[in-house]
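Trainee: give me the fold of what follows.
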Amino acid sequence: MAQSAAVEFRIDRRSGVATYLQIVQQTKQAMRLGLLEPGDRLPTAREVVEATAINPNTVLKAYRELEREGLVEARRGLGTFVTRTLGGGAAADDGPLRAELADWAIRARAAGLERDDVSALFTAALDRAFPGEKN
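Mentor: Residues are numbered from 1 along each chain as shown. This next block holds a predicted model:
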């Protein structure tokens with residue numbers, strides 16, 4: 001029997017990113033990190049609404065987008081289930097790159113950087129390492 005996924009959506013109302021897209025992006029991130037695997041059930045719309053205080057239609061819109069992309073499947077009366085994974089799995093392991101990145105984030109915080117500062121730095125580094133490739 002499929003288990004309910006342990007993914008918790010965090011909505012940033014100041015980000016400028018549509019709420020449904022934040023859910024889509026966070027679901028994809030959880031898939032890349034191995035937190036969501038095929039067969040896992042996504043939280044119900046009701047569970048997401050209770051946790052985030054967003055409109056149920058927003059959750060359903062995000063889940064429809066994920067389904068359109070072939071990442072999840074809605075099963076009437078049962079829920080929405082992950083159908084495939086993303087990424088090569090390297091991001092999911094606790095290998096040296098992940099450890100180095102975690103150490104860097106801790107050092108950045110200790111240096112007084114705010115979360116948004118770290119995010120901006122990391123995004124700039126990604127843009128430099130992967131020119132022409134955007135989400």
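Trainee: just give the number of residues close to the residue nearest to E8 when sequence neighbours are not counted.
Mentor: With sequence-adjacent residues excluded and distances taken as Cβ to Cβ, 6 or more residues apart in numbering, E8 is closest to A51, at 6.5 Å. Any C-beta I mention is one placed from the backbone N, CA and C, and that applies to glycine too. Using other Cβ atoms under 10 Å, A51 has 13 neighbouring residues.
Trainee: tell me where the protein has helices.
Mentor: 19-32, 45-52, 56-68, 96-110, 115-129 (DSSP state H).
Trainee: so can I have JSON lines of those showing distance to V7 and mean pLDDT?
Mentor: Shown next, in JSON lines, are these (distance: least, Cβ to Cβ, whole Å; pLDDT from 0 to 100):
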{"stretch": "helix 19-32", "distance to V7": "5", "mean pLDDT": "93"}
{"stretch": "helix 45-52", "distance to V7": "10", "mean pLDDT": "94"}
{"stretch": "helix 56-68", "distance to V7": "12", "mean pLDDT": "96"}
{"stretch": "helix 96-110", "distance to V7": "18", "mean pLDDT": "88"}
{"stretch": "helix 115-129", "distance to V7": "20", "mean pLDDT": "87"}
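Trainee: with distance to R10 added, can I get those in JSON lines?
Mentor: Formatted as JSON lines, the helices of the chain follow (distance: least, Cβ to Cβ, whole Å):
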{"stretch": "helix 19-32", "distance to R10": "7"}
{"stretch": "helix 45-52", "distance to R10": "8"}
{"stretch": "helix 56-68", "distance to R10": "13"}
{"stretch": "helix 96-110", "distance to R10": "16"}
{"stretch": "helix 115-129", "distance to R10": "11"}
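Trainee: deepest of these, which one?
Mentor: Per-stretch averages of neighbours, counted by mean count of other Cβ atoms under 10 Å, single out helix 19-32 among the helices of the chain, with a mean of 19.
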